[in-house]
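Peer 1: I need the structure of the sequence given here:
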Amino acid sequence: MGALDGIRVVEIAGLGPTPFAAMWLAEHGAQVVRITRPGARHVLGLDRDVLDRGRDWVELDLKSDAGRAAARGLIARADALIEGMRPGTMERLGLGPADFPGNPRLVYGRMTGWGQSGPLAHSAGHDLTYLAITGALHAIGPADHPVPPLNLLGDFAGGSMYLVAGMLAAMLSAARTGRGQVVDAAISDGVAHLMAMISGMRLAGLWHDARQANLLDGGCPFYACYPCADGRHLAVAAIEPQFWAELVTRLGLDAGALPDRMDAANWPALRGTLGAAIAARTRDDWAARLEGTDACAAPVLSIDEAAAHPHNAARRTFAAGEPAPAPRLSATPAVLRPGRALDPAEMLARWGPPG
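Peer 2: Residues are numbered from 1 along each chain as shown. Below you'll find the predicted structure:
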């Protein structure tokens, strides 16, 4: 009995953000059925895709009358739908938001890069291009060029999780009013919103437009990554004075001999001092000395190493190498379950008549 037990969701199979959102809803108890093209079980062509977990699927050809009719029957019975097509595609299939007047509570979740409107709405794109117009990409990376921050910032943080938040808000509204609505989740909108704190700092004159020139972008020596003796890295985030004092002591440095760290003019020299100290020991040596203290420093682990870290192991942050569901709810915890292929008629029977 998850927190979303009894919620029925139809997912139109897509890439990245849509399956992640559907996975999250399923892990928290929603009954999610995924509509996939015949023979296209895994969108990325993987033998097993982590993002597929937690829900059943039906194969439907939405270009056929029979396939659309079956999909229409499922959506008519659902509380919510997730789709990531280009604007207008679902309408052309007869499966748009206005095509279900008999299901007024339907929350229609739309996940795109550019949104349902605007000059770029019908253009192709990917995470990197969506980030490019928000200011976020410009701010990430070394001074001489921006760096792709994986696709976590756009596809999943600014995309999937904003879609989930919008759909949950819309479902709460539908429970009160009996009326669903369309959730227009654009990755470009979500990333721009995620930049709220940085934008506020910029407006206040506390954030420079140049990369590696600020507190949180690698420019500041006490919020940066340093190579260790073995070529691996230590992450340092000792922003507050008390954490900085702890770090300096544990690095074996003389606090009185260090320049004023709040004066950016001293940052190059301070970076050199920290770098030299950290380079004298291996990453794991520093981890043993610093973890569990208030020095705010941690070893930079590889993806393979992360699951074995004692903290992650104690919290079971990973399950069989995969990330466990998050966040953790005390009374209705999320669960993992395998999905299975269903016949469309079986799925329709399971959900019963519309309404």
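
Peer 1: quick one: low-confidence ranges for the protein?
Peer 2: In the prediction, the chain carries residues with pLDDT under 70 at positions 41-47.

Peer 1: hey, where'd the strands end up in the stretch 51-200 of the chain?
Peer 2: For the stretch 51-200 of the chain, applying DSSP state E, counting those that start in this stretch gives strands covering 56-59, 80-83, 107-112, 182-186.

Peer 1: who are the packing partners of the first one?
Peer 2: With contacts defined as 3 or more CB pairs under 8 Å, 6 or more residues apart in numbering; DSSP states H and E, strand 56-59 has these neighbours: strand 31-36, helix 344-351. All C-beta spots, glycine's among them, are computed from the backbone N, C-alpha and C.

Peer 1: can I get those in a markdown table including distance to D127 and mean neighbour count?
Peer 2: What follows is the helices and strands packed on strand 56-59, written out as a markdown table (distance: least, CB to CB, whole Å; neighbours: other CB atoms under 10 Å):
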| stretch | distance to D127 | mean neighbour count |
| --- | --- | --- |
| strand 31-36 | 22 | 24 |
| helix 344-351 | 32 | 15 |
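
Peer 1: looking at the strands of the stretch 51-200 of the chain, spot the one closest to A269.
Peer 2: For A269, the closest of the strands of the stretch 51-200 of the chain is strand 182-186, at 43.8 Å, according to CB to CB.

Peer 1: list the buried ones in stretch 286-305?
Peer 2: Under the neighbour-count criterion of 16 or more other CB atoms under 10 Å, stretch 286-305 has 286-287, 290, 295-299, 301 buried.

Peer 1: farthest-separated two in those?
Peer 2: Farthest-apart pair in the buried residues of stretch 286-305 is A295 and L301; separation 17.2 Å (CB to CB).

Peer 1: can you point me to the longest helix in this protein?
Peer 2: Secondary structure of the chain per DSSP state H: the longest helix is helix 161-177.

Peer 1: list the buried ones in that one?
Peer 2: 161-164, 166-168, 170-171, 174.

Peer 1: pretty sure W207 sits against M201.
Peer 2: Yes - using CB atoms under 8 Å, W207 is in contact with M201, at 4.0 Å.

Peer 1: between the two, which contacts overlap?
Peer 2: Common neighbours of W207 and M201 (criterion: CB atoms under 8 Å, 6 or more residues apart in numbering): N214.

Peer 1: neighbour count for the two, which is higher?
Peer 2: The neighbour comparison of W207 against M201 (other CB atoms under 10 Å) goes to W207, with 19 against 16.

Peer 1: can you pull out the helices in the stretch 51-200 of the chain?
Peer 2: Under the criterion DSSP state H, counting those that start in this stretch, the stretch 51-200 of the chain contains helices at 65-77, 89-92, 127-132, 161-177, 187-194, 196-203.

Peer 1: could those helices go into JSON lines alongside distance to W57?
Peer 2: Putting those into JSON lines (distance: least, CB to CB, whole Å) gives the following:
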{"stretch": "helix 65-77", "distance to W57": "11"}
{"stretch": "helix 89-92", "distance to W57": "18"}
{"stretch": "helix 127-132", "distance to W57": "25"}
{"stretch": "helix 161-177", "distance to W57": "19"}
{"stretch": "helix 187-194", "distance to W57": "25"}
{"stretch": "helix 196-203", "distance to W57": "37"}
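
Peer 1: rewinding a little: dump the strands of the stretch 51-200 of the chain to CSV, plus mean neighbour count and distance to V335.
Peer 2: Below are the strands of the stretch 51-200 of the chain laid out as CSV (neighbours: other CB atoms under 10 Å; distance: least, CB to CB, whole Å):
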stretch, mean neighbour count, distance to V335
strand 56-59, 19, 15
strand 80-83, 27, 19
strand 107-112, 27, 22
strand 182-186, 22, 25
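
Peer 1: got CSV for these, with distance to A307 too?
Peer 2: Listed next are the strands of the stretch 51-200 of the chain as CSV, based on distance: least, CB to CB, whole Å:
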stretch, distance to A307
strand 56-59, 28
strand 80-83, 29
strand 107-112, 29
strand 182-186, 30
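
Peer 1: R340 is nearest to which of the ones you listed?
Peer 2: Ranking the strands of the stretch 51-200 of the chain by proximity to R340 (CB to CB) places strand 56-59 first, at 5.4 Å.

Peer 1: alpha carbons of that closest one, in PDB - could you do that?
Peer 2: The C-alpha coordinates for strand 56-59 follow below in PDB (Å, rounded to 0.1, in the frame of the first residue of the first chain):
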ATOM      1  CA  ASP A  56       3.200  -3.600 -16.500                       C
ATOM      2  CA  TRP A  57       3.100  -2.900 -20.200                       C
ATOM      3  CA  VAL A  58       0.800  -3.500 -23.200                       C
ATOM      4  CA  GLU A  59       1.900  -3.400 -26.800                       C
END
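
Peer 1: having no further points to raise, I will conclude here.
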